[in-house]
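Student: Got a sequence here, can you build the structure:
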Amino acid sequence: MSKLQAPSSGARGPHVSRLAPPGSLTKRLREGSVDLEAGLDAKKSKLEAPGAPVTNLTRSKSKSMMIIADKARPAAGRVGTTGGRVGVASGGAKPKVSLSRPGADRRQTTTALNDRTNGSMSRPGLAREKSSAGAGKPAGKAAGGKRPAWDLKGRLEDMERMFDQTNRRVEDLETEKQTLQTDVEVKKEVVVQSSEEIRTLRSNIERSEQELDNLRKSLREKEEQFTEETVKLKRELENEQYTKSSLERRLKGLEDELSSKQTEVAGLKNSVAELSSSRAGVEASLSGAKTELEAARQQILALQTESERKSDEIVTSLAAQEEMLAKLRWEESERRKLHNLVQELKGNIRVFCRMRPLLGEERDGLDEIRHVNIQGEKTLELIKTVDSANESIAGGLNKNMKYDFEFDRVFGPTSSQGDVFAEISQLVQSALDGYNVCVFAYGQTGSGKTFTMEGGPAIEDDESECGMIPRTIRQIFEVQEKLKEKSWQYKLQASFLEIYNEEIRDLLTSDTNYKCEIKMSDSKGTDLHVTNLKSEEVTSESQIASMIRRARKNRAQAKTLCNERSSRSHSVFMLKIEGYNTATTETCCGTLNLVDLAGSERIKDSGSEGMRLTEAQAINKSLSNLGNVIMALAQKNSHVPYRNSKLTHLLQNCLGGNSKTLMFVNISPKEECFSETLNSLRFATKVNQCNIGTACKKASK
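Tutor: Residues are numbered from 1 along each chain as shown. As a prediction, this is how the structure comes out:
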């Protein structure tokens, strides 16, 4: 909707007005203005042109023009002149509009709108024009246009006339305002409808574009598909051409081969003819060969008969030999059992000797162990050699000497852990039968006692390094499974302790608040037990491996000049085995003690000082007390000093006769340890000669 701008007041004279005189219905033309009626007719003719599309926008525009025309008619009908006053028809009734003249009504509406528009553009001179366009000046008005002061009636009429003009002007402005508001609303509706049509057109355009894109995409896919099919067909054509050329080459080769075969057939025919001529001679020689072959067959049959007879003799001999070997093994087993029975009846402590192999730097420059000669399964010889360059004139006592020792079993450096355990497996069976069993390892530091009893550091990965403790548990579980068929049920309780500086420590716990003491189980018995000692029920082999790891972590170890990982305490693994036969109600209770004694050491050789010195003194003292106990037992003394040390007190049942006891004496292969090796072997000999009595089977209470 275009804005109407009023021209500036200085463009024309103050008394010049473009408004039509009041009450006039004539149309006044403006310069450059276009008749609204003519514009509507032109628009209508344009819309009614053949082929022109009828849209919502055109319909809304036509509707807005009709509304303007309808609202302009009553405004024009109210305007009139009655003797200088503008009045409205009586009764307020609207003038009747003839429906047969729509063009005339539209022209009147357009004229009224133009008049109002022109009147709004020239408001500043409106009052003067209307005053000058009146019915005429009164008689008493002065020549200058101003009434004299005494003409009150004239002045009153002028004022009433001006008031009427002002009221009419106000009514015209109100009408014009309503008309403009209606026009604005119509235009807004037109704009809304136009916006909707635009959105519809845009959505149609987008949909069309999307369809176009889909068509393009489909076209591209079709093109790609056609391209792939074309490439595929070209490839197939190439393959067919290649196959054709291959077949042609093969055909040519077959033709060449056929010609060569034909030539070969001709040659073979000639050869057949030649062979046919020599056939007679071959048949003659064949008959002679058949005669020789028959003679050879007869000879072969004779040889086969002889061979079968010899084979039967060999099988018979092997069976007899195997029977003899089985009898020999049985006799050896019986001999060992009888020997063990004799040892038990004698009450002696059995002693096994084991020498470890050379390790690491010990093998440098030393091919073999020269000072120890293992002569058999039970004997060894200790040889002391003196270098002639270092022998003095007064060295008569330093001459070469040999020491012979005999034990129940001797294991060399090449013996494995399995070989050693095979010799003590009968003791494990005795523990299951209800006997007390004790196995302890004795020897100098670094001789392999801990390796023998517990095993190497990689026992979880390498079973060959497992020591006596894990192998014992394994055998117990295996025998336990076999005895289930005979209605035997077993319960295993394990504990692990160490004796460090004459103090008992629990290796299965890191809590040092509890003090462990050796007490009598009852006032009348001889069994001993350790107070505040943690005992765990064993149900699997892996549990024992875990216990060994914890014990190694808590056990006292230190580095000395003689041993990089020297045990500074005596460790004791105790396994209590309780058995019950559900069929016969028979019970048994055995205790298996596996003891790893700390190694004896010379203070000047180990370089111990401070805490290590205190530990070495405690170790040597307890081992010395163990020797005193062995001497007292060997001499049948009335008093045996068991309570002189915690070690001998704890081993009282093992050494006092109510136990099957076995001692490992471990020796070092190093020649510089000759003196310690000699002392260990001498001590082991005394132990082997010690009579402690016969062990008794125990039944659980």
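Student: State whether residue 383 is indeed within a helix.
Tutor: No: read with DSSP: H, G, I helix; E, B strand; the rest coil, residue 383 is strand and lies in no helix.
Student: For it, grab the count of nearby residues.
Tutor: By the criterion of other CB atoms under 10 Å, residue 383 has 14 neighbours. Just so you know, the C-beta spots here come from the backbone N, C-alpha and C atoms, and that holds for glycine as well.
Student: check contacts around it.
Tutor: Applying CB atoms under 8 Å, 6 or more residues apart in numbering, we find residue 383 in contact with 370-373, 400-403.
Student: do residue 592 as well
Tutor: Contact criterion CB under 8 Å, 6+ apart gives 428, 431, 437-439, 472, 574-575, 577 as the residues in contact with residue 592.
Student: thinking again about what came up before, if you rank the contacts of residue 383 by neighbours, which is first?
Tutor: If you count neighbours using other CB under 10 Å, the busiest of the contacts of residue 383 is residue 372, which has 22 neighbours.
Student: pLDDT score assigned to that residue?
Tutor: Here, the pLDDT recorded for residue 372 equals 89.
Student: doesn't residue 357 make contact with it?
Tutor: No: counting by CB atoms under 8 Å, residue 372 does not reach residue 357; the two are 11.7 Å apart.
Student: and for those two, which residues touch both?
Tutor: Common neighbours of residue 372 and residue 357, counting by CB under 8 Å, 6+ apart, are residue 669.
Student: would you list the contacts of residue 592 in CSV and tack on secondary structure and pLDDT?
Tutor: Converted to CSV, these look like this (DSSP: H, G, I helix; E, B strand; the rest coil; pLDDT from 0 to 100):
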residue, secondary structure, pLDDT
428, helix, 83
431, helix, 84
437, strand, 86
438, strand, 87
439, strand, 89
472, helix, 89
574, strand, 90
575, strand, 90
577, strand, 90
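Student: just those residues now: which is nearest residue 556?
Tutor: The shortest approach to residue 556 among the contacts of residue 592 belongs to residue 574, at 18.6 Å (CB to CB).
Student: residues in contact with the nearest residue to that closest one once chain neighbours are set aside?
Tutor: Distances taken as CB to CB, 6 or more residues apart in numbering put residue 495 closest to residue 574, at 5.0 Å, once the chain neighbours are dropped. Residue 495 is in contact with 506, 508, 530, 533-536, 573-574, counting by CB under 8 Å, 6+ apart.
Student: In the helix or strand harbouring residue 495, which residues are buried?
Tutor: In the assignment (DSSP states H and E), residue 495 maps to strand 488-500. Judged by neighbour count using 16 or more other CB atoms under 10 Å, the buried positions of strand 488-500 are 488, 490, 492, 494-500.
Student: Would you tell me which one of those comes nearest to residue 349?
Tutor: residue 499 (20.0 Å).
Student: Backbone dihedrals for residue 641, both of them.
Tutor: Note on residue 641: backbone dihedrals following degrees, to the nearest 10 are phi -80, psi 70.
Student: any idea how far the closest residue to it other than its chain neighbours is from residue 647?
Tutor: Spatial nearest neighbour of residue 641, excluding adjacent residues (CB to CB, 6+ apart): residue 628 at 5.7 Å. As for residue 628, its distance to residue 647 is 11 Å (criterion: CB to CB, to the nearest Å).
Student: quick one: which of these two has more around it?
Tutor: More neighbours surround residue 647 than the other of residue 628 and residue 647, with 25 against 17 (other CB under 10 Å).
Student: Could I get the pLDDT score of the residue lying closest to that one once chain neighbours are set aside?
Tutor: Leaving aside its sequence neighbours, residue 647 sits nearest to residue 622 (CB to CB, 6+ apart; 4.4 Å). The predicted structure scores residue 622 at 88 on the pLDDT scale.
Student: so how many other residues sit close to residue 622?
Tutor: Here the count is done by other CB under 10 Å, and residue 622 has 22 residues near it.
Student: Surely it touches residue 595?
Tutor: No: with contact defined as CB under 8 Å, residue 622 does not reach residue 595; the gap is 11.7 Å.
Student: Show me the common contact partners of those two, please.
Tutor: Shared contacts of residue 622 and residue 595, defined by CB under 8 Å, 6+ apart, are found at residue 570.
Student: circling back to that earlier point, if any of the contacts of residue 495 are buried, put those into a ChimeraX selection.
Tutor: Buried subset of the contacts of residue 495, written as a ChimeraX selection, criterion 16+ other CB under 10 Å:
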select :506,508,530,533,535,573,574
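Student: still on that earlier bit, can you tell me which of the contacts of residue 383 lies nearest to residue 673?
Tutor: residue 371 (9.4 Å).
Student: helix or strand right after the longest helix along the chain?
Tutor: Longest helix in the chain by number of residues, with DSSP state H as the criterion: helix 152-346. Past helix 152-346, further along toward the C-terminus, the next helix or strand under DSSP H and E is strand 350-355.
Student: Sort out which residues of that following strand are buried, please.
Tutor: For strand 350-355, the buried set under the neighbour-count rule, 16+ other CB under 10 Å, comprises 350-355.
Student: Within the sheet, what are the partner strands of the next helix or strand after it, with directions?
Tutor: Where DSSP H and E defines the elements, the next helix or strand beyond strand 350-355 is strand 372-374. Sheet neighbours of strand 372-374, with direction, are listed as strand 379-384 (antiparallel) (DSSP bridges).
Student: For the helix or strand following the partner strand, name the packing helices and strands.
Tutor: Using DSSP H and E, the next helix or strand after strand 379-384 towards the C-terminus is strand 401-406. In terms of contacts (3 or more CB pairs under 8 Å, 6 or more residues apart in numbering; DSSP states H and E), strand 401-406 is packed against strand 379-384, helix 674-688.
Student: average pLDDT for the longest one?
Tutor: Put plainly, it is helix 674-688. pLDDT averaged over helix 674-688 equals 89, rounded to a whole number.
Student: Pull the distance from it to the chain's centre.
Tutor: The gap between the average C-alpha position of helix 674-688 and the chain average comes to 58 Å, counting by CA atoms, centre = their mean, to the nearest Å.
Student: buried stuff in it?
Tutor: Under the neighbour-count rule (16+ other CB under 10 Å), helix 674-688 has 674, 676-678, 680-681, 683-685, 687-688 buried.
Student: try the first one
Tutor: For strand 379-384, burial by neighbour count (16+ other CB under 10 Å) applies to 380, 382.
Student: can you check stretch 449-467 too?
Tutor: The neighbour-count criterion (16+ other CB under 10 Å) identifies 449-455, 459, 465-467 as the buried residues of stretch 449-467.
Student: is it true that residue 467 touches residue 457?
Tutor: No: at 11.3 Å, residue 467 and residue 457 do not qualify as touching, with contact defined as CB under 8 Å.
Student: residue contacts, residue 468?
Tutor: Counting by CB under 8 Å, 6+ apart, residue 468 touches 417, 420-421, 424, 439, 452-454, 594.
Student: Now render those as TSV, adding secondary structure and distance to residue 319.
Tutor: Supplementary listing: the contacts of residue 468 in TSV, determined by DSSP: H, G, I helix; E, B strand; the rest coil; distance: CB to CB, whole Å:
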residue	secondary structure	distance to residue 319
417	helix	36
420	helix	34
421	helix	33
424	helix	34
439	strand	41
452	helix	41
453	helix	44
454	coil	45
594	strand	44
